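Asker: Got a predicted structure here, sequence first:
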Amino acid sequence: MPEITRDEVAHLANLARIDLDDAELDHLAPQLSVILESVASINGVAGDDVPPTSHALPLTNVFRDDVVTPGLTVEQALSGAPEVDQQRFSVPRILGDEQ
Amino acid sequence: MTTTVRNTAAEMAQALADGTVTSVQLTELHLERIAAVDGAVHAFLHVDHEGALAQAAASDARRAAGETLSPLDGVPIAVKDVLTTEGLPTTCGSKILEGWVPPYDATVVARLRAAGLPILGKTNMDEFAMGSSTEHSAYGPTHNPWDLDRIPGGSGGGSAAAVAAFEAPLAIGTDTGGSIRQPGAVTGTVGVKPTYGGVSRYGLVALANSLDQAGPVTRTVLDSALLHDIIGGHDPRDSTSIDQPWPSFTDAARAGATGDMTGVKIGVITELTGEGWQDGVMARFQESIDLLVKAGAEVVEVSCPSFVHALAAYYLILPAEASSNLAKFDAMRYGLRVVPEGDPSAEDVMRATRDAGFGDEVKRRIILGTYALSSGYYDAYYGQAQKVRTLISRDFEAAFEQVDVLVSPTAPTTAFKLGEKLDDPIAMYLNDLATIPANLAGVPGISVPSGLADEDGLPAGFQILAPALADERLYRVGAALESLLTQEWGAPLLDKAPALALRDGSSLASTGTESETR
Amino acid sequence: MTTDTLLSFEESLEKFDPAMGLEVHVELNTNSKMFCGCPTEFGAEPNTQVCPTCLGLPGAMPVVNRIAVESAMRIGLALNCEIAEWCRFARKNYFYPDMPKNFQTSQYDEPIAFDGYMDVNVPTEDGGIEVVRVEIERAHMEEDTGKSLHVGGATGRIHGAVHSLVDYNRAGIPLIEIVTRPIMGTRENAPAVAKAYVAQLRELIVALGVSDARMDQGSIRADVNLSLAPAGTGALGTRTETKNVNSLRSVERAVRFEMQRHAAILDSGGSILQETRHWHEDTGVTTSGREKSDAEDYRYFPEPDLVPVAPSREWVEELRGTLPENPTVKRARLQGEWGFSDLEMRDTIGAGAFGLVEETIEAGASPQIARKWWLSELARRANDTGTDIAELGVSPADVVAVQALIDAGSLNDKLARQVFEGLYAAEGTPAEIVAKRGLAIVSDDGALSAAVDNAIAANPDVADKIRDGKVAAAGALIGAVMKQMRGQADAGRVRELILEKLT
């Protein structure tokens, strides 16, 4: 029976960059376990010979021409920014490394 | 006859064409109606008085110059707050986007503007379209105009309630697992989910990209058809949009309105009836079937065995895609930024913001989705769900070889009370049982009011599903049923909705006279 | 910062065998971005080349650039890859402020090109050229990220920065990632193989015309993966990935360094931490970045906003017809045409100058002249300054121009070197530098004559010797005149004048 522990929820919340407090963790884990149990019914329903569907309609090869089209003005681009400096998005110090 | 907010959009369009009302008058009427009732209904998150009136004035000027842009030019409309509107706040019902004003219009919105419809404002919704009751809006729930203590459905409860309460003759909704159709059912209005790819998703803030579709929310089938004709069609900005011409849905609705169902084969989906479905809902459903048969349709039962797994597949695919879609809300470029004490890093700010800015249901689904996609679990969950999707599509294909349309009640129950299912996520998810399969397979669906349930006097919906690309069948059969039912009732169903107390103490009775247009 | 212990290169190879993997990212030179119509010009004002799609605004959607797909296919074909009949884009999910969506639209288990190879000409330690077949696992399409400026820290690097400023102009520019299979059996030539692979790949990319492929501008980037296993076992050890390898020289040095570092750890009984490291060209070491482990689970799934790419076989064959000549065949042909010996060829390749020499010859120089300048003055300069020979600021056209000035008598070799100095300092074109610095050879006999007279007057003994018939002594006087003329004289003409006056 699939169950999701509090620790697993904490790990997932970390991956999803959400800072869940203890109360939230306590609250969410059992709810998620219940949901997971009901969706786990999906296991074994489709045999190995059934291909997955990622798109309802079988479109392929949708492209655009390599031409420049108008975008946003700088003001528009920065309009929602919580903080701007030197025409760039100002963000707090970054800990991790680029991938 | 004076035009009032109780007219249909088609009637309003006719009145505009006849010159018996102006768009400014129409828009003012609706703005007044909103002012009068929306305090109680809370369908709107933002009302754009100035903008709507300016657009209405422009419409009147165009009409005077003989340059109307479309059959609905000048008829006002409300837009679900999940579509971007340049210059108007777009919150998706979430705190994390409180005050965000997009710098661009969704294609659907651009088409509405190009067709001349004044935009009244943005309607309430479950946060990021996750929900079936609009109770998960960060800005408070919307109330069902039929009973203000009840939910209007979700996630598009705002659009449905606005239309049901005559605050707008038309609205745009979005449907990922039933978010247009189910609110339609519980508010006694019409809602359509087009074939996947039939309406552009550019500017539709994504919940589940492979399931979402924008569509019409109206009081009549003809109104939906008129609106669908305007918003549908290929968009080069949306790689998943269908690049082929669509037939006129308006024509299909008009053809259907004769009520003649000769030659139409209807399939009742076995798995979507029976135990767990409210008696009153089933009764109205059966009556509708009987009416269609009397009108010449042939009805058979069709089994779609994999539909029993649809809910599970949906609640794996949706959270997976959503968890990725919502990653962009990280306080760096727009939206809420919560800065914890001390010397926080960007990561700290992201975590704090997302914890403060997302509600419980969103957090649940993000965690679930992250889980379903994680290494080690992908094949068992997301991978499996995508396979079940194939089975569901196959069931539809097989069914449509036997029948022209498939039908079911739209939702298992009528509108439940606010708060009733909030603590039980699974109970909430079960509202989408009948609507989810269509999203998984990409086929189009419509909900048409089937009447009021005996036990509570609340509306129920009749769902019609058609093969992918055959949206016109929805309008033909839907219009026919609507016509047959309205004849039985003697008047539109919404006439039976209780009058809402207006802010000024009076009430808008269904047969009485209205305050004169000014 | 602790200094890593290194085992000597020789000892490292006695005990261990290296295996390398090279991941090269190529920024395509398309007019517009991978998934939107924003321009891709280098050096624009920040955030002036963005739109809802590449800025990751809610609701925005991607549409695939056809030319980027073509370029990906051409790169794949040039690398002898299979081109997928059907493939998809996938989301690589992780959070980083330079990524507007906090996922990168890339390709995961369905790359557009796969199972290829490149036969690399490697100048080996023993002085020859070895052809090493590097197998290509895949080439796939993805999008670039924005750029961050880190503010407030000591070095402008991320550590110690107070905050960062992000520019999304680069976000969404098409990238092709080319990944090799583990390259094994190279032993002491590992560093040279890595360098030669990147250099030759770069040439191929430039020949295809799909990218500027400049390491100094970041339009081609190499990440070096290295692991060691006990000698002779043929196994694969724990690998580290090294980033920030910004020149061909760095590629070679980084491989060598990591080999020695791994060897020291393994030799002392330790184990290698699987991590990402940063190369520092100034200090010649790698430092620890972040742990490259499962902690960052990318949760790949097919991109639902895009539809599959299924290139028809007709399209593939059409593109195959646009490929440039096979590099190995081409090199052999050109060696013949140019008349280079094997050693000269090896040296040219070893200096990373093959493409430059080729372009210089195309621009009008003779093969020997082209080789002369690139392998002497320019290769020396590259070595002395630790710069890639392609990034000195000297173009093939410049070399041709300088030689033309020499041929016309305006410059000699010594003066030409000063012109190159001017080019390194970006002072202008060769003609402009000659003018600015006043380098032209003086051809005015009057001035020369005066200088000769001065030299004769200042060196009476030498003058006497010459008068006596010891013509060879003219050399000293020539030197004196050249000094007066600051080298800007034709030595031959000076000698003539001296002899005229004294004999």
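Answerer: Yep, that arrived.
Asker: per-residue confidence at the residue in the stretch 351-500 of chain B that chain A sits nearest to?
Answerer: Nearest residue of the stretch 351-500 of chain B to chain A: B:G442, at 2.4 Å (C-beta to the nearest C-beta). (C-beta placed from N, C-alpha, C; glycine too.) Per-residue confidence (pLDDT) for B:G442: 96.
Asker: What of B:L368?
Answerer: At B:L368, the model reports a pLDDT of 93.
Asker: quick one, domains of chain B?
Answerer: B:9-309+B:387-496, B:310-383 (automatic domain parsing).
Asker: To C:S271, which of these lies closest?
Answerer: Among the domains of chain B, domain B:310-383 comes nearest to C:S271, with 23.0 Å by C-beta to C-beta.
Asker: mind listing what B:T240 touches?
Answerer: Residues in contact with B:T240 (C-beta atoms under 8 Å, 6 or more residues apart in numbering or on different chains) are A:H55, A:L57, A:L59, A:V62, B:Y196, B:G197, B:R201, B:N209, C:P304, C:D305, C:L306, C:V307.
Asker: do the same with C:N121
Answerer: C:I129, C:E130, C:V131, C:A196, C:Q200, C:P327, C:T328, C:R331, C:I349.
Asker: buried subset of the residues you listed?
Answerer: Buried members of the contacts of C:N121, scored by 16 or more other C-beta atoms under 10 Å in any protein chain shown, are C:I129, C:E130, C:A196, C:Q200, C:P327, C:R331, C:I349.
Asker: Not counting its neighbours along the chain, what's nearest the third one?
Answerer: Read that as C:A196. With sequence-adjacent residues excluded and distances taken as C-beta to C-beta, 6 or more residues apart in numbering or on different chains, C:A196 is closest to C:V122, at 4.3 Å.
Asker: tell me the secondary structure for that neighbour?
Answerer: strand (DSSP: H, G, I helix; E, B strand; the rest coil).
Asker: when you scan the helix or strand of chain B with the lowest mean pLDDT, is anything in it near chain A?
Answerer: In chain B, no helix or strand scores lower on mean pLDDT, DSSP states H and E than helix B:425-429, which sits at a mean of 84. Yes. Residues of helix B:425-429 contacting chain A under C-beta under 8 Å from any C-beta of the partner chain: B:P425, B:I426.
Asker: what's downstream of that helix, the next helix or strand?
Answerer: Of the helices and strands lying after helix B:425-429 in sequence (DSSP states H and E), the nearest is helix B:436-441.
Asker: Check what contacts that next one and list those residues.
Answerer: Outside helix B:436-441, the residues that touch it by C-beta under 8 Å, 6+ apart are A:56, B:175-178, B:193, B:196, B:208, B:211, B:213, B:304, B:307, B:310-311, B:313-314, B:317, B:388-389, B:392-393, B:395-396, B:444-445, B:465, B:468.
Asker: Show the buried residues in the residues you listed.
Answerer: So, by 16+ other C-beta under 10 Å, the buried ones in these are A:56, B:175-178, B:193, B:196, B:208, B:211, B:213, B:304, B:307, B:310-311, B:313-314, B:317, B:388-389, B:392-393, B:395-396, B:444-445, B:465, B:468.
Asker: For the stretch 1-150 of chain C, which residues are neighbours of chain B?
Answerer: Listed as neighbours of chain B in the stretch 1-150 of chain C under the rule C-beta under 8 Å from any C-beta: C:52, C:55-64, C:91, C:93, C:95, C:97, C:100-103.
Asker: Now do the strands in chain A.
Answerer: A:63-64, A:84-85, A:88-92 (DSSP state E).
Asker: Quick check: which of those strands is nearest to C:A68?
Answerer: Of all those, strand A:63-64 sits nearest to C:A68, with 9.1 Å by C-beta to C-beta.
Asker: Okay, now the sheet partners of the closest one, with direction.
Answerer: strand C:64-65 (parallel) (DSSP bridges).
Asker: and the strand it pairs with, average pLDDT?
Answerer: Per-residue pLDDT over strand C:64-65 has a mean of 98.
Asker: thinking again about what came up before, just give me how far the least confident helix or strand of chain B sits from the chain centre.
Answerer: 19 Å (C-alpha atoms, centre = their mean, to the nearest Å).
Asker: low-scoring pLDDT stretches of chain A, where are they?
Answerer: A:1-2, A:97-99 (pLDDT under 70).
Asker: how about a cut-off of 90?
Answerer: A:1-4, A:27-44, A:46-48, A:52-58, A:94-99 (pLDDT under 90).
Asker: where exactly do the helices run in it?
Answerer: Here chain A has its helices, by DSSP state H, at A:6-15, A:22-39, A:74-78.
Asker: Just list the residues touching the residue of the stretch 51-200 of chain B found nearest chain A, thanks.
Answerer: Proximity of the stretch 51-200 of chain B to chain A (C-beta to the nearest C-beta) peaks at B:P103, 3.8 Å away. Contact analysis of B:P103 by C-beta under 8 Å, 6+ apart lists A:L72, A:Q76, A:A77, A:S79, A:G80, B:E86, C:P52, C:L57.
Asker: Equivalent analysis for B:H228, please.
Answerer: Contacts for B:H228 were tallied using C-beta under 8 Å, 6+ apart; they are B:V192, B:P194, B:V199, B:G215, B:P216, B:F249, B:D471, B:Y475.
Asker: now do 7 Å
Answerer: When contacts are counted by C-beta atoms under 7 Å, 6 or more residues apart in numbering or on different chains, B:H228 touches B:V192, B:P194, B:P216, B:F249.
Asker: Neighbour count, distance to chain A and secondary structure for these - can I get that in a markdown table?
Answerer: Output for these, formatted as a markdown table (neighbours: other C-beta atoms under 10 Å in any protein chain shown; distance: C-beta to the nearest C-beta, whole Å; DSSP: H, G, I helix; E, B strand; the rest coil):
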| residue | neighbour count | distance to chain A | secondary structure |
| --- | --- | --- | --- |
| B:V192 | 33 | 17 | strand |
| B:P194 | 28 | 12 | coil |
| B:P216 | 33 | 20 | strand |
| B:F249 | 27 | 19 | helix |
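Asker: Skip the chain neighbours and tell me the closest residue to the residue of the stretch 351-500 of chain B closest to chain A.
Answerer: Here the residue nearest B:G442, using C-beta to C-beta, 6+ apart, is A:A56, at 2.4 Å.
Asker: what's the spacing between that neighbour and B:L469?
Answerer: Distance, A:A56 to B:L469, using C-beta to C-beta, to the nearest Å: 11 Å.
Asker: try A:L32
Answerer: For A:L32, the distance to B:L469 - C-beta to C-beta - is 38 Å.
Asker: So between these two, which is more surrounded?
Answerer: With neighbours defined as other C-beta atoms under 10 Å in any protein chain shown, A:L32 and B:L469 compare such that A:L32 has more, 24 against 18.
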